[in-house]
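Enquirer: Sequence first, predicted model second:
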Amino acid sequence: MKSEAGNRKDEESGTVCRVMVVDDSAIARGIVTRTLSEAPGISVVASVPNGLMALKALGNHDIDVVVLDIEMPELDGLAALPRMLELHPALKVIMVSAASQKDADISLKTMAMGAADYVEKPKAGLGGADAFYAELVRKVRQHAGAGAQSVQERHAARLARPSQPKAAATPAGPAPNPKASRRKETFPRPEIIAIGSSTGGPQALAEVLKNIPPSLTQPILVTQHMPATFTGLLAQHMTRYSGRLAAEARDGERIEPGRVYIAPGGKHLVVEQAAAGGLLVRLDDGPPENSCKPAVDPMLRSLARIFGDRLLTIILTGMGCDGLKGCEAVVQAGGRVLAQDRETSVVWGMPGAVTQAGLCSDVLPLQQIGPAIMRIAGGEGERNERS
């Protein structure tokens with residue numbers, strides 16, 4: 001484990017991400033703490049066994065990111081999460097859950113409650129789980145983003161606002177570019193809708209789908225960055241939120257009007273034309289793209305080839321730039337792209353990338369995206385633009 005002097009050196013060298021680890025297992029807590037402490041630019045400032053002690057630690061330390069287990073005695077992660085965010089709205093909380101159906105369902109609920117992300121515990125235990133550790137370090141760094149401050153900045157902030165809670169941090173991602181162009185063109189009514197999302201996506205998807213009434217008949221294809229256990233549960237949640245059938249896509253199934261197809265974890269969702277007419281789902285087991293599987297880009301490339309200017313694409317909150325290359329293909333084929341705005345995104349990475357590239361017809365607050373889809377795909381968009 002990095003020594004106290006090593007942590008102090010990291011802090012003195014400039015920007016550092018300050019982390020608290022919360023897990024009732026002393027072994028798991030120790031391994032996670034050591035892994036994060038050994039990563040450059042990360043300082044573990046607290047390591048505690050339950051939610052009650054975590055709340056106390058929040059009052060004693062400046063913390064950017066919390067790695068929070070779900071099942072713990074005294075105060076579990078589900079109960080501790082809203083109390084943490086009430087104390088510090090800018091706090092980024094990464095849930096750590098087992099791969100069981102029960103824990104996956106709880107993790108989705110925590111994201112609806114404000115958790116920033118989740119990491120799935122390896123089935124074989126924490127020993128030797130290199131992929132788990134690498135993902136955890138990557139997500140801690142990504143979520144720290146603009147929230148990580150230098151020691152000098154923290155001290156100045158405390159002097160300036162000694163009694164104020166932390167202000168909400170600006171979501172991490174590219175800085176706004178006022179010169180980024182927005183495409184103002186007319187389009188035919190889309191025949192299919194594609195949505196790409198990542199961090200914060202489950203909440204955003206629920207908000208979008210609940211604002212699309214059943215009268216919209218175009219099929220909706222969704223790629224959300226999630227492991228396999230979670231995507232099936234996501235489909236169940238989206239069915240409840242949207243009032244239309246949402247399910248994990250199955251290889252070879254026909255795409256039907258009005259349904260929501262969600263890319264299963266571990267497979268890319270692509271579409272091909274059937275020999276007898278219509279469209280078929282194909283699940284691609286190729287390598288990850290943009291470090292993601294499923295990835296948004298393969299889905300968009302396949303749809304752009306088939307639908308051209310009759311494709312409507314929505315890029316919601318998420319880290320990284322997955323979807324950028326796919327949106328380039330959509331625009332080259334004549335299709336339309338909408339993106340979630342910075343202010344309502346948990347992380348403005350994916351929507352920020354397509355906005356910065358000038359690929360969007362519009363950049364909208366989350367609450368306006370569902371109504372915009374209805375205007376465009378319900379047949380009103382072209383008439384309004386031409387009037």
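Expert: Sure, I can see it. Residues are numbered from 1 along each chain as shown.

Enquirer: So residue 245 sits against residue 238, correct?
Expert: No. Counting by Cβ atoms under 8 Å, residue 245 does not reach residue 238; the two are 9.4 Å apart. (C-beta placed from N, C-alpha, C; glycine too.)

Enquirer: which one of the two has more residues nearby?
Expert: residue 238 (25 against 13; other Cβ atoms under 10 Å).

Enquirer: which residues does the more buried one contact?
Expert: 205-206, 209, 222, 246, 260, 262 (Cβ atoms under 8 Å, 6 or more residues apart in numbering).

Enquirer: Same check on residue 108?
Expert: The contact partners of residue 108, taken as Cβ under 8 Å, 6+ apart, are 202, 230, 233-234, 237.

Enquirer: Give the buried residues for the helix or strand where residue 34 lies.
Expert: Following DSSP states H and E, the helix or strand that holds residue 34 is helix 26-37. Along helix 26-37, these residues count as buried under the neighbour rule (16 or more other Cβ atoms under 10 Å): 28-29, 31-33, 35-37.

Enquirer: in this structure, which spans are helices?
Expert: Counting by DSSP state H, the chain has helices at residues 4-12, 26-37, 51-58, 77-87, 101-112, 130-144, 151-160, 201-210, 228-242, 296-307, 324-332, 350-356, 366-377, 381-386.

Enquirer: now for those, which one comes closest to residue 216?
Expert: helix 366-377 (5.9 Å; Cβ to Cβ).

Enquirer: Would you indicate which residues of stretch 75-90 are buried?
Expert: In stretch 75-90, counting by 16+ other Cβ under 10 Å, buried: 75-78, 80-81, 84-85, 88.

Enquirer: and if you look at stretch 221-228?
Expert: Residues of stretch 221-228 classed as buried under the neighbour-count rule (16+ other Cβ under 10 Å) are 221-227.

Enquirer: what's the answer for stretch 129-143, then?
Expert: By 16+ other Cβ under 10 Å, the buried positions in stretch 129-143 come out as 129, 132-133, 135-137, 139-143.

Enquirer: then it to PDB, C-alphas only?
Expert: The C-alpha coordinates for stretch 129-143 follow below in PDB (Å, rounded to 0.1, in the frame of the first residue of the first chain):
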ATOM      1  CA  ALA A 129      -9.400 -10.100 -10.200                       C
ATOM      2  CA  ASP A 130      -7.300  -7.800 -12.300                       C
ATOM      3  CA  ALA A 131     -10.100  -6.700 -14.600                       C
ATOM      4  CA  PHE A 132     -12.200  -5.600 -11.600                       C
ATOM      5  CA  TYR A 133      -9.400  -3.600 -10.200                       C
ATOM      6  CA  ALA A 134      -8.600  -1.900 -13.500                       C
ATOM      7  CA  GLU A 135     -12.200  -1.000 -14.000                       C
ATOM      8  CA  LEU A 136     -12.500   0.400 -10.500                       C
ATOM      9  CA  VAL A 137      -9.400   2.600 -10.800                       C
ATOM     10  CA  ARG A 138     -10.600   3.800 -14.200                       C
ATOM     11  CA  LYS A 139     -14.000   4.800 -13.000                       C
ATOM     12  CA  VAL A 140     -12.700   6.400  -9.800                       C
ATOM     13  CA  ARG A 141     -10.500   8.600 -12.000                       C
ATOM     14  CA  GLN A 142     -13.200   9.400 -14.500                       C
ATOM     15  CA  HIS A 143     -15.800  10.300 -11.900                       C
END
